[in-house]
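Peer 1: With the input below, show me the fold.
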Amino acid sequence: MNTLKHFSLYSSAKIALIIFLALNPVATILATIQRSDIVIYRDTKYLLDSTPLEEYFTNNVGKRPEFKSKRTSLWRGYIAILEIKDGWLFVKEINQDMGRDASSGEDIWKDVTSDIFTDPDDRRFDWFSGLLVLPHGKIVKWVNFDTIPIFENYVILEISNGKSVKELRIPGQEYEAYQRKQFELFRQTDDYKKIREIRIKNGYKPENVDEYIERDVFYCSKKILIDSPPPKTETTATRQADKVKKRKP
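Peer 2: Predicted coordinates for the structure are as follows:
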């Protein structure tokens with residue numbers, strides 16, 4: 001379908017899986033670049049850097065679309081189109097990956113929305129609370145040893161029991177400063193303690209686990225904690241990049 005054809009994303013698997021990993025930290029990280037879900041917000045289509053439907057499928061065994069294709073760029077087997085409508089987050093479409101047509105090579109998608117949500121009223125994300133990160137524009141730079149892109153702009157939405165309650169718009173050049181401030185506040189929460197404990201149990205070293213949580217903080221947090229623009233500060237990622245540059249002749 002056209003919506004999917006024109007929105008095959010750039011998003012590293014590690015970025016795309018962060019929220020899923022926060023919910024299921026023992027999951028295996030796949031190294032292949034993944035196709036994103038799509039969010040329609042204020043009549044604009046954004047690529048989503050997380051997979052919120054995974055929480056639903058984890059808690060509703062048997063609802064996940066069967067993985068038909070063998071493509072490694074779509075480990076979850078579907079692309080969802082979500083929509084913020086009248087202030088609420090809904091599932092608009094769930095398109096199951098059926099592979100490619102043998103003769104034309106075209107992608108084949110099957111709309112399985114009604115199969116999963118037989119009652120249209122169930123399409124509202126009443127069960128979901130967390131942040132949706134919507135990067136858009138060009139990639140302006142790379143951080144974390146050139147593995148994570150920084151985009152021109154970001155929209156971050158806070159969703160509480162399915163309702164959009166707060167919006168944060170961040171220029172790409174200020175993203176890392178906002179990230180650092182969010183992390184400073186996130187460290188004061190119980191969620192931080194839980195995620196830190198889980199990650200250490202799953203092999204992260206205690207002395208550097210905070211570097212990863214800081215990098216992933218908008219995907220780990222359930223609320224926007226920043227009330228005002230933060231001062232520009234260094235992040236762990238930029239400090240590491242600076243060290244590498246200084247070592248180069």
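Peer 1: List phi and psi for the most centrally placed residue in the chain.
Peer 2: Taking C-alpha atoms, centre = their mean, the centroid of the chain lies closest to S50, which sits 1.9 Å from it. Per-residue torsions, S50: phi -160, psi 180 (degrees, to the nearest 10).
Peer 1: quick one: it from I195, how far?
Peer 2: Counting by C-beta to C-beta, to the nearest Å, the gap from S50 to I195 is 15 Å. Every residue, glycine included, has its C-beta placed from N, CA and C.
Peer 1: just D43 next, same as before
Peer 2: 34 Å.
Peer 1: Compare neighbour counts for these two and give me the winner.
Peer 2: Of the pair D43 and I195, I195 is the one with more neighbours under other C-beta atoms under 10 Å, namely 22 against 6.
Peer 1: Would you agree the more buried one is in contact with Y212?
Peer 2: No. The criterion here is C-beta atoms under 8 Å, and I195 misses it with Y212 at 9.7 Å.
Peer 1: give the contact list for the residue nearest to S160 when sequence neighbours are not counted.
Peer 2: The spatially closest residue to S160, leaving aside those adjacent along the chain, is S129, at 5.2 Å (C-beta to C-beta, 6 or more residues apart in numbering). Applying C-beta atoms under 8 Å, 6 or more residues apart in numbering to S129 gives the contacts I159, S160, N161, K222.
Peer 1: Show me which of those are buried.
Peer 2: Among the contacts of S129, the ones that count as buried by 16 or more other C-beta atoms under 10 Å are I159, K222.
Peer 1: biggest separation within the contacts of S129, which pair?
Peer 2: The distance between the two most remote of the contacts of S129 (C-beta to C-beta) is 10.8 Å, for N161 and K222.
Peer 1: secondary structure element for E93?
Peer 2: Applying DSSP states H and E as the criterion places E93 in strand 88-100.
Peer 1: Can you identify the element that follows that strand toward the C-terminus?
Peer 2: Trace forward from strand 88-100 with DSSP H and E and the next one is strand 107-111.
Peer 1: Does anything pack onto that following strand? Which helices or strands?
Peer 2: Applying 3 or more C-beta pairs under 8 Å, 6 or more residues apart in numbering; DSSP states H and E, we find strand 107-111 packed against helix 2-5, strand 88-100.
Peer 1: Relative to V61, which of these is closest?
Peer 2: strand 88-100 (16.4 Å).
Peer 1: what's the closest one packed up against?
Peer 2: strand 78-85, strand 107-111, helix 113-116, strand 163-171.
Peer 1: okay if I get the ones you listed as JSON lines plus mean pLDDT?
Peer 2: Shown next, in JSON lines, are the helices and strands packed on strand 88-100 (pLDDT from 0 to 100):
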{"stretch": "strand 78-85", "mean pLDDT": "95"}
{"stretch": "strand 107-111", "mean pLDDT": "92"}
{"stretch": "helix 113-116", "mean pLDDT": "94"}
{"stretch": "strand 163-171", "mean pLDDT": "96"}
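Peer 1: Can you tell me which of the ones you listed is most buried?
Peer 2: Among the helices and strands packed on strand 88-100, ranked by average contacts under mean count of other C-beta atoms under 10 Å, first place goes to strand 78-85 (a mean of 21).
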